[in-house]
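Student: Return a 3D structure for these sequence lines:
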Amino acid sequence: MTSGLILGKFLPPHAGHLHLVRTALDEVDHLTVLVCSLASEPIPGQLRASWMRELVPGAAVIQITDENPSFPHEHPDFWNIWMQSIRRVLPEGPDLVYTSEHYGDELARRLNARHRMIDPARRKFPVSGSLVRSDPDRYWEFIPPPVRPSFVAKVVLTGSESTGKTTLAQRLAAHFRTSWIPEYGRRYVEEHPGPLAASDIDPIARGQMASEEQGFREATRAVVMLDTDLVSTEVYAEHYFGSCPDWVREAARDRLGHLYLLTEPDVPWVPDPGQRDRADRRDEMDRLFGSALTAQRAAVVRIRGAWDHRFATAVSAVERVVSQGWPYRLPGGRGVIHSGTAPGSPGGSSCRQ
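Tutor: Purely as a prediction, here's the structure:
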């Protein structure tokens, strides 16, 4: 039985990391992957470890939370500190150490193992964690699907009934060569004919979240158009039933979009039997949506006027989001990932960070 070891920050995991891990899995009988995290890093280590467990189920993924130095010059006892951390979770072995960095030579020597350096020049996958963090849209093809929801800019179309949200979402998606996520509530109503009840809010909200997560994973670039989100679910729950489940409120806040395009009711009403029923209350709903977004401190651009003017206003707003280097909201509202770089781990860039 042969054993292997890989350690890194995986900040975030990308195609280069997966190539390294899958190469090792093909060559050893048992592989341990150590996700080394510091509390100060922009993506929680627990989240990175969960990504790796989903991405490489054939490996034993273990998170190390020791506040160890990242580079030898930071501490005179650098290597002994790291050996203590490694030996605590891996008392014996490994036979091979896999990295994409030269620090692997010294690490393998101290572990009495052989070093296998994989693609150190990044020819197969020209990417690193810092590159992904600095420009996820440019390196989108290298970001694995489970990681993408934390790196996608969410542009949400919201507003009263019959104000062109779906058409605008589709048109924007085509213009920006990306995907759009339909409103789950519309599908739910089609599958459950008859008047909705307060008990329907829970499955509608859960279906909306599931649709979003799937859409983010399948997105073709780092910006996606959403034809509504949980803020709308919250508004309609309050409007129709007088209350909204607390967990839906919390989820709406945690999953807040990066930009909301609030479509105003200054266009003709188009009937849609079974889906729309309050043509005379669009102005009231517009005020409710505006108030909800203000309460969430959301970034809002109002969309009004003729159809072409609405589209031009929306395009301009989305372009600003795409060009400014947006922050990325982490699942559960645990902070944001800002564009920039972060330190590596043992001896350098931690096998692509």
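Student: which stretches of the stretch 201-350 of the chain have low pLDDT?
Tutor: Applying pLDDT under 70 to the stretch 201-350 of the chain picks out residues 270-280, 324-350.
Student: For it, which segments count as strands?
Tutor: Ranges of strands within the stretch 201-350 of the chain are 223-227, 259-263, 300-303, 328-329, 336-337, based on DSSP state E, counting those that start in this stretch.
Student: Report all helices and strands that the first one contacts.
Tutor: Meaning strand 223-227. Other helices and strands packing on strand 223-227, by 3 or more CB pairs under 8 Å, 6 or more residues apart in numbering; DSSP states H and E, are strand 153-159, helix 165-175, strand 180-181, helix 201-217, helix 307-323. Using the backbone N, CA and C atoms, a C-beta is placed for each residue, glycine as well.
Student: what are the pairing partners of that strand, and which direction each?
Tutor: Each strand paired with strand 223-227, and its direction, by DSSP bridges: strand 153-159 (parallel), strand 180-181 (parallel).
Student: Angles on the backbone of residue 62, please.
Tutor: phi -130, psi 130 (degrees, to the nearest 10).
Student: beta partners of it?
Tutor: residue 34.
Student: what about it, neighbour count?
Tutor: 16 (other CB atoms under 10 Å).
Student: so who does it touch?
Tutor: Going by CB atoms under 8 Å, 6 or more residues apart in numbering, residue 62 touches 32-35, 49, 89.
Student: One more: residue 141?
Tutor: residue 15 are the contacts of residue 141 under CB under 8 Å, 6+ apart.
Student: Tell me if I am right that it is in a helix.
Tutor: Yes: with DSSP: H, G, I helix; E, B strand; the rest coil as the criterion, residue 141 is assigned to a helix.
Student: now it: how far from residue 148?
Tutor: Residue 141 sits 11 Å away from residue 148, going by CB to CB, to the nearest Å.
Student: Check residue 296 too.
Tutor: 23 Å.
Student: and if you look at residue 226?
Tutor: 14 Å.
Student: more neighbours, the two?
Tutor: The residue with more neighbours, out of residue 226 and residue 148, is residue 226; 25 against 21, by other CB under 10 Å.
Student: Hmm, the more buried one is touching residue 257, no?
Tutor: Yes: at 6.7 Å, residue 226 counts as touching residue 257 under the criterion of CB atoms under 8 Å.
Student: Give the intersection of the neighbour lists for the two.
Tutor: With CB under 8 Å, 6+ apart, residue 226 and residue 257 have common neighbours 154-156.
Student: Return the members of those residues classed as buried.
Tutor: 154-156 (16 or more other CB atoms under 10 Å).
Student: Dead centre of the protein: give me the residue that sits there.
Tutor: Central residue of the chain (CA atoms, centre = their mean): residue 150, 1.5 Å from the mean position.
Student: mind checking pLDDT for that residue?
Tutor: You'll see residue 150 listed with a pLDDT of 89.
Student: try the one 4 residues further on
Tutor: In the prediction, the pLDDT value recorded for residue 154 is 93.
Student: what about the spatially closest residue to it that is not a sequence neighbour, how many neighbours?
Tutor: If the residues on either side of it in the chain are set aside, residue 154 comes closest to residue 257, at 4.1 Å by CB to CB, 6 or more residues apart in numbering. As a burial measure, residue 257 scores 26 neighbours (other CB under 10 Å).
Student: Now do the contacts for residue 257.
Tutor: Counting by CB under 8 Å, 6+ apart, residue 257 makes contact with 154-156, 226, 229, 231, 298.
Student: repeat that with 7 Å
Tutor: 154-156, 226, 229, 298 (CB atoms under 7 Å, 6 or more residues apart in numbering).
Student: what about stretch 46-64, how long is it end to end?
Tutor: Distance between the boundary residues of stretch 46-64 (CA to CA, to the nearest Å) amounts to 10 Å.
Student: roughly how far is that stretch from the heart of the chain?
Tutor: 16 Å (CA atoms, centre = their mean, to the nearest Å).
Student: can you give me the helices in this structure?
Tutor: Under the criterion DSSP state H, the chain contains helices at 15-27, 45-55, 78-89, 103-110, 129-134, 165-175, 184-191, 201-217, 230-241, 246-254, 282-295, 307-323.
Student: any chance of those in a markdown table, plus distance to residue 95?
Tutor: Formatted as a markdown table, the helices of the chain follow (distance: least, CB to CB, whole Å):
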| stretch | distance to residue 95 |
| --- | --- |
| helix 15-27 | 10 |
| helix 45-55 | 21 |
| helix 78-89 | 14 |
| helix 103-110 | 10 |
| helix 129-134 | 27 |
| helix 165-175 | 49 |
| helix 184-191 | 49 |
| helix 201-217 | 35 |
| helix 230-241 | 49 |
| helix 246-254 | 44 |
| helix 282-295 | 57 |
| helix 307-323 | 47 |
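Student: Redo those as a markdown table? Include mean neighbour count.
Tutor: Below are those laid out as a markdown table (neighbours: other CB atoms under 10 Å):
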| stretch | mean neighbour count |
| --- | --- |
| helix 15-27 | 20 |
| helix 45-55 | 19 |
| helix 78-89 | 15 |
| helix 103-110 | 18 |
| helix 129-134 | 21 |
| helix 165-175 | 18 |
| helix 184-191 | 16 |
| helix 201-217 | 18 |
| helix 230-241 | 21 |
| helix 246-254 | 16 |
| helix 282-295 | 16 |
| helix 307-323 | 15 |
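Student: do you know which of the ones you listed lies nearest residue 121?
Tutor: Closest approach to residue 121 among the helices of the chain (CB to CB): helix 15-27, 11.2 Å.
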